[in-house]
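1. Need a 3D model of the sequence below.
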Amino acid sequence: MQLPLKRIQWVEFHEHPISHPKHVKVELFEIYSKGLEQSPEQQQSFNHPLYCRLLLDRVLSLNSAYLSRFLNYQCELLKRPYSWLTSLDMLLEFNVDLMKEIKLVEELRSAMNLVNEKRMEYQKIPRFYREDDFEVDNPYRYDLIKSHLDKLKTHHKKKAYLLRMKTDYLQNLYDYDRGDGVDFDVKIDLELAYLDSIQKMRNEKDFELEAKSIFLVWEGPLNVLVDFYYQCLNYKTENNRPMLSATKREIENFIVKHYRKPDGSEFNATTIRTILTPSRNEKRPNEDKRISLEKIIKKDEEKRS
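-> Numbers count the residues shown, from 1 in each chain. Here you go, the predicted structure:
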């Protein structure tokens with residue numbers, strides 16, 4: 001069988017293993033043509049249309065048993081078998097109409113099923129180790145790690161995070177060409193080494209994995225403090241926008257987290273919520289007892305003028 005080259009809808013294969021047989025007869029599972037011979041310097045001008053035609057010729061001429069062995073043989077020659085199988089699947093799909101015309105529909109259907117079965121085998125490999133998705137889903141790209149690292153506030157937490165990522169990476173090394181992974185005992189040893197490193201870090205001065213929260217001690221009545229934030233939420237700027245862009249719940253959480261009573265205890269979240277409720281005027285301080293945001297702004301404007 002020799003398919004019409006000009007009518008084939010070809011696709012690009014990132015890998016295209018070709019053979020140079022020693023004998024006149026080309027081996028059954030090899031792809032070869034003098035038109036594909038080239039030096040390494042000529043790789044960019046590889047004849048993809050010819051390779052696709054030869055590949056289709058071979059795939060559609062083999063029965064299911066031989067085709068399965070052909071796919072295994074080709075995958076053994078590849079660094080990225082999943083990518084090659086994906087390209088082959090596309091090649092078959094792109095040429096459905098041509099195969100119907102030359103009455104090779106059954107052969108095409110059988111080939112597509114076998115190619116998809118083989119792809120499923122490689123799809124069992126964790127997604128971030130499959131070569132077609134490597135750039136997008138690989139969690140061990142340093143640019144992704146760096147962006148998270150910058151969010152961590154303490155030196156020790158950064159070091160612990162880097163140690164964790166390094167350990168995870170070494171534990172999850174996966175060679176998809178050989179189909180094996182890191183041995184269980186090696187994973188255990190790596191985890192023990194990680195824990196030992198963390199333990200040694202604990203002996204360093206001022207060790208802390210979590211950043212210490214900064215508390216402000218409020219000596220006055222709670223309703224004066226909360227009322228000032230209430231005014232900030234409701235006072236409109238010249239652009240008719242709130243002076244403080246936040247929700248009542250965010251203000252409540254902020255006060256609970258960052259303010260303390262003189263004895264060091266937290267303020268009650270329910271009390272704060274009540275004071276922030278618009279209808280509970282009686283819970284907020286009288287005019288003469290409050291910190292007036294409006295007066296502060298007016299004084300500032302008078303100074304400027």
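2. Return the helix or strand in the chain with minimum mean pLDDT.
-> helix 134-137 (a mean of 46; mean pLDDT, DSSP states H and E).
3. residue ranges for the helices of the stretch 101-250 of the chain, please.
-> 105-123, 134-137, 142-149, 155-171, 184-201, 222-234, 248-258 (DSSP state H, counting those that start in this stretch).
4. quick one, the last one and helix 222-234 angle?
-> Taking axes from the mean of the first three to the mean of the last three C-alpha atoms, to 10 degrees, one finds that helix 248-258 is oriented at 140 degrees with respect to helix 222-234.
5. quick check: mean pLDDT across the next helix or strand after helix 248-258?
-> Using DSSP states H and E, the helix or strand that directly follows helix 248-258 along the chain is strand 259-260. The pLDDT scores in strand 259-260 average 92.
6. With stretch 238-248 instead?
-> On average, stretch 238-248 scores 85.
7. and it, how far apart are its ends?
-> For stretch 238-248, the first-to-last residue distance is 22 Å (C-alpha to C-alpha, to the nearest Å).
8. Centre of the chain to that stretch, how far?
-> Put simply, stretch 238-248 sits 35 Å off its chain's centre (C-alpha atoms, centre = their mean, to the nearest Å).
9. and what of stretch 219-235?
-> On C-alpha atoms, centre = their mean, the centre of stretch 219-235 falls 42 Å from that of its chain.
10. I would like the residues contacting it, please.
-> Applying C-beta atoms under 8 Å, 6 or more residues apart in numbering, the contact partners of stretch 219-235 are 218, 242-244, 246, 248, 251, 255, 259, 262, 267, 271-272, 275-276, 283-285, 289-294, 297. C-beta: built from backbone N, CA, C; applies to glycine.
11. rerun that using 6 Å as the cut-off
-> With contact meaning C-beta atoms under 6 Å, 6 or more residues apart in numbering, stretch 219-235 is reached by 218, 242-244, 251, 262, 267, 272, 275-276, 284-285, 290-291, 293.
12. And it, what's buried?
-> Neighbour counts over stretch 219-235 (16 or more other C-beta atoms under 10 Å) mark Leu222, Asn223, Leu225, Val226, Asp227, Phe228, Tyr229, Tyr230, Gln231, Leu233 as buried.
13. Just flag the most distant two among those residues.
-> Farthest apart among those by C-beta to C-beta are Leu222 and Leu233. That separation is 16.5 Å.
14. would you say Leu3 is within a helix?
-> No. Leu3: not assigned to a helix; according to DSSP: H, G, I helix; E, B strand; the rest coil it is coil.
15. just to revisit the earlier point, for ChimeraX, what selects the buried ones among the contacts of stretch 219-235?
-> Those of the contacts of stretch 219-235 that count as buried under 16+ other C-beta under 10 Å are selected in ChimeraX with:
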select :218,244,251,267,272,275,276,284,285,290,293
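16. Show me which of the contacts of stretch 219-235 has the smallest pLDDT value.
-> Pro242 (84).
17. Can you give me every residue that contacts it?
-> Counting by C-beta under 6 Å, 6+ apart, Pro242 makes contact with Leu233.
18. and if you look at Leu104?
-> Counting by C-beta under 6 Å, 6+ apart, Leu104 has contacts Leu60.
19. Where does the prediction get shaky in the stretch 51-200 of the chain?
-> 123-141, 143-144, 173-182, 184 (pLDDT under 70).
20. what about Asp263, which SS state?
-> Secondary structure state of Asp263, per three-state DSSP, is coil.
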